[in-house]
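[1] Quick one: sequence and predicted model below, then my questions.
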Amino acid sequence: MLTITFLGTGAALATPARDNTSLAIDDGAEVSLVDASGAPLSRLTRAGIPHERLARVIITHEHVDHTYGLPSLLQSLWLAGRTDPLPLYAPRPTWQALDRLIAAYWPDGFARGFRLDPHVLDGSEDPFVQTPRLAIRAASGQHSVPTIALRFEPASGGTFVYSSDTAPCPTVEACARGAALLAHEATFLTDDRATAGQLGHSTARQAGEVAARAGVRGLALVHFSAQQDGDLATLRNEASVAYRGPIAVPGDGDRLFVD
């Protein structure tokens, strides 16, 4: 079983109720952090996830709302006493931003702390993480910068897919095929679909369309803008026009279970 903790669920413009989107995926043995905004160690602590269980960090793309908390995370882990190496995965273009962040905020920091273990995601269909309990795959999305969707496949069954920031596209749809749960961005409502297309984002209805075509068992809507923060029913209703399965609109700190 996978436990998905939504550490943040909002789009780039955070609100008092919703911080920028990031997720913690717990396979029962290890925790994977997907994207880093805000104060990631504080978010994990509030969620009851001990930092010692953090096995890896995956950054989906270079935009600030998905990356700016990384230096805070690294320093906080060091201050908390971490000594184990920390694997960090990101697409090659994203590494250009991450390298600058690390150089600016903690130059030579790892010489006196734990070692960072960097990995470049090259778009291969093979799992980039393979443990006895979990395989993780990446697929390219369609956004204003290079981005990836992620597919978590536990050995026990029950696949989880996270779209990250993307317009509807065949690669993310294929990545989500047959998943037990798809967390898909829904930055805009249908009235703003032209803006969504220009910016490389999706509407709630488009998220539902992807879920329906991919044949997933459940859909969670994330990464929606402040304008929709107080109207969750509208988001759910627009997605339900295309997708007839269960639809969740999680809040920050909420958990969903996949088996």
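    Done, it's in. These numbers come from a predicted model, not from an experiment.
[2] Please make it C-alpha for all contacts and neighbour counts, starting now.
    OK.
[3] what's the helix or strand for the nearest residue to Pro50 once chain neighbours are set aside?
    In space, and not counting its chain neighbours, Pro50 is closest to Leu44: 7.0 Å by Cα to Cα, 6 or more residues apart in numbering. Here Leu44, judged by DSSP states H and E, is contained in helix 40-46.
[4] Identify each buried residue in that helix, please.
    Buried residues in helix 40-46, counted by 16 or more other Cα atoms under 10 Å: 40-44.
[5] same check, this time on stretch 51-65
    51, 54-63, 65.
[6] that older thread, tell me the contacts of the residue nearest to Pro50?
    Leu44 makes contacts with 7, 24, 50-51, as judged by Cα atoms under 8 Å, 6 or more residues apart in numbering.
[7] so Ile25 touches Thr3, yeah?
    Yes. Look at Ile25 against Thr3 with Cα atoms under 8 Å: they come within range, at 5.8 Å.
[8] Let me know whether Glu125 touches Arg137 as I believe.
    Yes. Here Glu125 reaches Arg137: they are 6.7 Å apart, a contact under Cα under 8 Å.
[9] Spell out the residue ranges of the strands in the stretch 1-150 of the chain.
    Secondary structure of the stretch 1-150 of the chain (DSSP state E, counting those that start in this stretch): strands located at 2-8, 22-26, 31-34, 54-58, 86-91, 116-121, 129-130, 134-140, 148-154.
[10] May I have the beta-bridge partners of the most centrally placed residue in the chain?
    Taking Cα atoms, centre = their mean as the criterion, Val34 is the residue nearest the geometric centre of the chain, at 4.5 Å. Judged by DSSP bridges, the bridge partners of Val34 are Leu23, Ile58.
[11] any idea how far it is from Arg205?
    The gap separating Val34 from Arg205 is 24 Å, by Cα to Cα, to the nearest Å.
[12] likewise Leu33?
    Going from Leu33 to Arg205 by Cα to Cα gives 27 Å.
[13] Stretch 138-147: how far from the chain's middle?
    Centre-to-centre, stretch 138-147 and its host chain are 12 Å apart (Cα atoms, centre = their mean, to the nearest Å).
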